[in-house]
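Student: would you be able to build a 3D model of this:
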Amino acid sequence: MPDTLTPAKPAARTTEHFDVLIVGAGISGVGSAYHLRTQMPGTSFVVLEAQGTFGGTWSTHRYPGIRSDSDLHTFGYRFKPWVGPPIATAEEILRYMGEVIEENDLAPHIRYRHTIASARWSSVQNLWTVEGTLNDTGEAFRFTANFLWMCQGYYRHSEGYTPEWPGMADYKGKIVHPQTWPEELDYKGKKMVVIGSGATAATVVPAVAADCGHVTMLQRSPTYYIPGRNAIELAETLRQLEVDETWIHEIVRRKILHDQAVFMRRALEEPEKVRSELLAGVRAHLGPDYDIATHFTPRYQPWRQRVAFVPNADLFKAISSGKASVETDEIERFTETGILLKSGKVLEADIVVTATGFNLNVLGDIAFEIDGKPLDFAESITFRGMMFTGIPNMAWVFGYFRASWTLRTDMVADFVCRLLTHMKAKGVRKVEVALRPEEKGMPLQPWIDIGNFNPGYVMRGLHLLPKGGNTREWQHTQDYWQEKNEFPAIDLDDVAFVYGGKVVADVPAAAGD
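Tutor: Residues are numbered from 1 along each chain as shown. Predicted structure coming up:
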């Protein structure tokens, strides 16, 4: 018999009940809370956040230069005008979100430092029971809710993705992932290698270039970039004309989305021409003698992955200054003093930054149960990327990759509020989506069309995600330009929505004890 026993999990002293429980106080959770409060006044709700403050990515990520990779006219909420530069810093985004919380009295609804461990659905009670612990005290908590709104994002905040390369243990310098950047990291005068070519690498390199001895962006393959001024001429003109900021916000959003739709159409219809235009934009900053073919010509077509915007061309200015450079090669192994490439070249480095992506976080790493049975999310089928077969009374906000994430936050919120209102009118407490009789046995496919969009973090975690069907309703299309019209037209009385649990009485505050 062991000398010590594992202490029992502490039990929650009380149970609080809410109509809706929102998981996460990042950009999606705060936006969803706003819509719930304004579209369904009188609905009781709580927002549970594991961190000590709101903001999600914009609070947890502390690497140099952190900024949005989408314009804030579309990444910002549709209900609150954005008045700053289109590509914003984390500090500016947090200030904007803080204003939303303050202006709409959302703070009393948010509980910080609440880490959720489990979520259990009971078809007997038609309730979710959510349990976890308070980060600072270890005290257990328990909530029950009629509806669960997952706004936790899509990656694990505690750690980023770093591949295992041979020799890493032999390396004498520091290896840092941007997601967990140490505040005390001193890179002044040091040689730094940033592994990666996406938006994070393109942000870190120019941010550190002036202080580093030299910084090298090491990429296995290039990414498409669009350099441009961090300003929108239309917004500036409208402000000169003293147009109201609410109007400016909506007009500029529509213009940006129109331009993005045109770009996507052209990228699909004339990819080689679009490719040439993108490369010409880079060449204009690096000059005719720079090896664009090797370092800035991707192997994939422009529409397959997100195109990274480079505000004020700062990445290319850092390269042109000689303080930064690009190597396109693969890693053979780490050495004691740097990285040996497969070409035989050695990159000396005091610091290696692995801007190599995220670890996909499926449903917040929460242990889900449906009527006592552990949930295998990969066995469900997605309904438009927001509801899932076999999982009652739950919606998941998963935003857009090519367009701004928050566009889908607003649209999913409209749908959820409309669904909850419809349930109230029908006098029911349960809803889930199910294949129609004629759809049983339809061919299933991955959650997202990997021929259309295939970033590494999605591909690594695809086996953990729900399946898709062979019609748009049963797919996560990532197509804002069609979904903006399709979502409001969803027929909530369609047989794909299965309702149940007639309302007979109010749920007591201590339900689930």
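Student: so for the lowest-mean-pLDDT helix or strand in the chain, what gets flagged as buried?
Tutor: Here the helix or strand of the chain ranked lowest by mean pLDDT, DSSP states H and E is helix 456-461, holding a mean of 77. Buried residues in helix 456-461, counted by 16 or more other C-beta atoms under 10 Å: 456, 457, 458, 461. Placement of C-beta: from N, CA and C, glycine included.
Student: would you map the strands across the stretch 351-500 of the chain?
Tutor: 351-354, 367-370, 373-374, 382-383, 387-388, 394-396, 428-433, 497-502 (DSSP state E, counting those that start in this stretch).
Student: before we move on, what about the stretch 101-250 of the chain?
Tutor: Under DSSP E, counting those that start in this stretch, the stretch 101-250 of the chain gives strands at 110-111, 114-122, 127-134, 140-150, 174-176, 191-195, 214-219, 225-228.
Student: give the other helices and strands that the longest helix along the chain contacts.
Tutor: Criterion DSSP state H: the longest helix present in the chain is helix 245-269. Here helix 245-269 touches helix 72-75, helix 233-240, helix 271-286, helix 480-486, going by 3 or more C-beta pairs under 8 Å, 6 or more residues apart in numbering; DSSP states H and E.
Student: for residue 125, which of these is the nearest?
Tutor: Across the helices and strands packed on helix 245-269, residue 125 has its closest neighbour in helix 480-486 (33.4 Å, C-beta to C-beta).
Student: so which elements touch the closest one?
Tutor: helix 245-269, helix 405-426.
Student: can you put the strands of the stretch 351-500 of the chain in JSON lines and add mean pLDDT and mean neighbour count?
Tutor: Shown next, in JSON lines, are the strands of the stretch 351-500 of the chain (pLDDT from 0 to 100; neighbours: other C-beta atoms under 10 Å):
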{"stretch": "strand 351-354", "mean pLDDT": "98", "mean neighbour count": "24"}
{"stretch": "strand 367-370", "mean pLDDT": "97", "mean neighbour count": "16"}
{"stretch": "strand 373-374", "mean pLDDT": "97", "mean neighbour count": "10"}
{"stretch": "strand 382-383", "mean pLDDT": "96", "mean neighbour count": "24"}
{"stretch": "strand 387-388", "mean pLDDT": "98", "mean neighbour count": "24"}
{"stretch": "strand 394-396", "mean pLDDT": "97", "mean neighbour count": "24"}
{"stretch": "strand 428-433", "mean pLDDT": "98", "mean neighbour count": "20"}
{"stretch": "strand 497-502", "mean pLDDT": "94", "mean neighbour count": "15"}
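Student: where in this structure is pLDDT low?
Tutor: Within the chain, the stretches with pLDDT under 70 are 1-12, 451-455, 504-513.
Student: picking up where we left off before, buried deepest among the strands of the stretch 101-250 of the chain, which one?
Tutor: Neighbour counts (mean count of other C-beta atoms under 10 Å) averaged over each of those peak at strand 191-195, with a mean of 25.
Student: quick one: distance of it to the chain centre.
Tutor: 25 Å (C-alpha atoms, centre = their mean, to the nearest Å).
Student: and that strand, which strands flank it?
Tutor: Partner strands for strand 191-195, per DSSP bridges, with pairing direction: strand 214-219 (parallel), strand 351-354 (parallel).
Student: spatially nearest residue to residue 87 (excluding sequence neighbours)?
Tutor: residue 311 (4.3 Å; C-beta to C-beta, 6 or more residues apart in numbering).
Student: angles on the backbone of that neighbour, please.
Tutor: phi -60, psi 130 (degrees, to the nearest 10).
Student: what is the burial count for it?
Tutor: By other C-beta atoms under 10 Å, the residues close to residue 311 number 23.
Student: likewise the one 10 residues further on?
Tutor: Burial of residue 321, expressed as a neighbour count using other C-beta under 10 Å, amounts to 11.
Student: how about residue 222?
Tutor: 20.
Student: can you tell me how far it sits from residue 250?
Tutor: 36 Å (C-beta to C-beta, to the nearest Å).
Student: one more: residue 110?
Tutor: Taking C-beta to C-beta, one finds residue 110 at 28 Å from residue 250.
Student: ok, the residue nearest to residue 87 touching residue 228?
Tutor: Yes - applying C-beta atoms under 8 Å, one finds residue 311 in contact with residue 228, separated by 7.0 Å.
Student: ok, residue 217 - contacts?
Tutor: Counting by C-beta atoms under 8 Å, 6 or more residues apart in numbering, residue 217 touches 194, 196, 197, 201, 202, 205, 324, 325, 326, 327.
Student: the last one against residue 345, yeah?
Tutor: What it means is residue 327. Yes - judged on C-beta under 8 Å, residue 327 makes contact with residue 345 at a distance of 7.3 Å.
Student: higher neighbour count, the two?
Tutor: residue 327 (17 against 11).
Student: how close does the more buried one get to residue 102?
Tutor: Here the criterion is C-beta to C-beta. By it, residue 327 lies 46 Å from residue 102.
Student: cool, and residue 390?
Tutor: 39 Å.
Student: ok, residue 389 next?
Tutor: Distance of residue 389 to residue 102, computed by C-beta to C-beta: 39 Å.
Student: quick one: which of those two has more around it?
Tutor: Neighbours around residue 389 and residue 102, counted as other C-beta under 10 Å, are more numerous at residue 389. The numbers are 19 against 10.
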